[in-house]
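K.L.:
return a 3D structure for these sequence lines:
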Amino acid sequence: MNNKQHYLDTAAGEGEKEASMMVAIPGSELTSLLLEQRLEEQTYFTDGEIDYIPEDGGFFFSCKKDEEELRFYISLVDSDPEYTINPYFATDPISPELYAEASAAPQAVIVECLFQGQPLANYLQQLKIIQILVPDLLLGLDISAAGKVFTREWLNFQLIDDLMPSIDSLYVVHAIYDQEDNEDKPEEERAPTMYWFHTHGLARCGLSEAEIIIPHPIASYYGIPELFWSFVNNSITHGKIVFNEPIFIGQTQAGYEYLVAVPFEEGLLHVGKSTPIDDLKPLEEMNFEFGDASSERFMGDWHDRDESHQHPSAMLFRVTQENPVLESFFEGFEDQNAMMFMRTDEETADMSRKAKFLG
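P.N.:
The predicted structure follows:
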């Protein structure tokens, strides 16, 4: 598998978008006729038109939101064991009763679409279709974000007054760390010594997924979500991924902080080393062949890369103003505690508006 063309397209702002797929689990019985009726009665979208697909029983709903033309694939299906509800990746706490009810539900509604120019707006529109079709939603599954579970309360809050959802709604971050059977060891020796954080959900935005490898112990997960947030926000704002160049993310008492995105195939060569960013090869000249499958120098090395983790991914490194070399993040708590992350004016204003609704 060679990901070179994907990286080149993504760097040029021409990355191919995967379909965004969500599954809604209803609290009462549905029919395709009832779904069609709810779409005809809604007023959020205009110029609605339904085209049935005889082969699978689903249909396309073509419509407009303002002047943007949208197209959703919708299908009412029997519950599928593959639609696993994992409460660990959920927007809100899930009670045992709700989990049991949703797990036993006989039906599910699939909603798919292709994001266009504004991923956050398209994500919001996909949530709106679910709200219209399944007002008694038990739970929703964002299949494109590794099955992230969302509740009806979370869904309704996201759709208040058309406020944009937060950037991290578009993806989930999975954490993998070394955890061996060492219960007999003292607690301080049981802590993980290396980590691999990676996203699921960005491929539908026309971006590579993102990851961070930390080959040493850290005091806490402080700052990890903000690092991904900063990178994804920058990429969506510019409509592309900026590879091999410093991206400003924040500041410590020591100076400005940056991250540098490198294709993971190249990034694995630099983990634990101090490569000057000026020594990085141009994207066109990097080697994107699969490496040594037996190599397990750290979490996230080739040994850990099953088929689902060989897709294009941007590995993020730390770079400081004083020392422009690729480093890993958060080796000392003092540095973590002092980090101030940048937020755009748009993000700050959106957070303020949402806070007013919560108040």
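K.L.:
can you report how many residues lie near the residue nearest to residue 40 when sequence neighbours are not counted?
P.N.:
The shortest distance from residue 40 to any non-neighbouring residue, by C-beta to C-beta, 6 or more residues apart in numbering, is to residue 48 (6.9 Å). C-betas here are computed from N, CA, C, even on glycine. Neighbour count of residue 48, defined by other C-beta atoms under 10 Å: 16.
K.L.:
now residue 98
P.N.:
18.
K.L.:
if we ignore the residues flanking it in sequence, what's nearest it?
P.N.:
In space, residue 98 comes closest to residue 138 once its chain neighbours are excluded; the distance is 6.6 Å by C-beta to C-beta, 6+ apart.
K.L.:
ok, residue 146 next?
P.N.:
The shortest distance from residue 146 to any non-neighbouring residue, by C-beta to C-beta, 6+ apart, is to residue 200 (3.8 Å).
K.L.:
and the gap between that neighbour and residue 207?
P.N.:
Remark: distance between residue 200 and residue 207 (C-beta to C-beta, to the nearest Å) = 12 Å.
K.L.:
repeat for residue 238
P.N.:
Using C-beta to C-beta, residue 238 is found at 10 Å from residue 207.
K.L.:
show me which of these two is the more surrounded one.
P.N.:
Neighbours per residue, other C-beta under 10 Å: of residue 238 and residue 207, the larger number sits with residue 207, 27 against 11.
K.L.:
doesn't the more buried one fall inside a strand?
P.N.:
No. Read with DSSP: H, G, I helix; E, B strand; the rest coil, residue 207 is coil and lies in no strand.
K.L.:
so where do the strands sit in the stretch 201-350 of the chain?
P.N.:
Residue ranges of the strands in the stretch 201-350 of the chain, as given by DSSP state E, counting those that start in this stretch, are 209-214, 247-252, 255-263, 313-320, 340-341.
K.L.:
enumerate the positions of the third one that are buried.
P.N.:
What that stands for is strand 255-263. Going by neighbour count (16 or more other C-beta atoms under 10 Å), the buried part of strand 255-263 is 257, 258, 259, 260, 261, 262, 263.
K.L.:
surely the last one is in contact with residue 289?
P.N.:
So the one you mean is residue 263. No. Between residue 263 and residue 289 there is no contact under C-beta atoms under 8 Å: 11.7 Å.
K.L.:
measure the residue nearest to residue 146 to residue 137 for me?
P.N.:
22 Å.
K.L.:
which parts of the stretch 251-359 of the chain are helices?
P.N.:
Ranges of helices in the stretch 251-359 of the chain, per DSSP state H, counting those that start in this stretch, are 264-267, 333-338, 345-358.
K.L.:
which one of these has the lowest average pLDDT?
P.N.:
Lowest mean pLDDT within those: helix 333-338, at a mean of 51.
K.L.:
where does the chain dip in pLDDT?
P.N.:
The model of the chain has pLDDT under 70 over residues 1, 162, 179-190, 331-339, 342-359.
K.L.:
mind splitting the chain into its structural domains?
P.N.:
The chain resolves into domains spanning 17-169, 172-350 when parsed by automatic domain parsing.
K.L.:
roughly how far out does the longest strand anywhere in the chain sit from the chain middle?
P.N.:
Counting by DSSP state E, the longest strand found in the chain is strand 68-78. From the chain centre to the centre of strand 68-78 is a distance of 21 Å (C-alpha atoms, centre = their mean, to the nearest Å).
K.L.:
identify each buried residue in that strand, please.
P.N.:
Quick answer for strand 68-78 (16+ other C-beta under 10 Å): 70, 72, 73, 74, 75, 76.
K.L.:
swap in stretch 30-42?
P.N.:
Neighbour counts over stretch 30-42 (16+ other C-beta under 10 Å) mark 30, 32, 35, 36, 39, 42 as buried.
K.L.:
before we move on, what about stretch 118-131?
P.N.:
For stretch 118-131, burial by neighbour count (16+ other C-beta under 10 Å) applies to 119-131.
K.L.:
next one: stretch 85-98
P.N.:
Going by neighbour count (16+ other C-beta under 10 Å), the buried part of stretch 85-98 is 85, 89, 90, 91, 94, 98.
K.L.:
wait, the fifth one touches residue 149, no?
P.N.:
Yes. Under the criterion of C-beta under 8 Å, residue 94 makes contact with residue 149 at 6.9 Å.
K.L.:
who touches both of those two?
P.N.:
Common contact partners of residue 94 and residue 149 (C-beta atoms under 8 Å, 6 or more residues apart in numbering): 85, 87, 139.
K.L.:
which ones among the residues you listed map onto helices?
P.N.:
Taking DSSP state H, every one of the shared contacts of residue 94 and residue 149 sits outside helices.
K.L.:
ok, so of the residues you listed, who is nearest residue 156?
P.N.:
The closest of the shared contacts of residue 94 and residue 149 to residue 156 turns out to be residue 139 (C-beta to C-beta; 13.4 Å).
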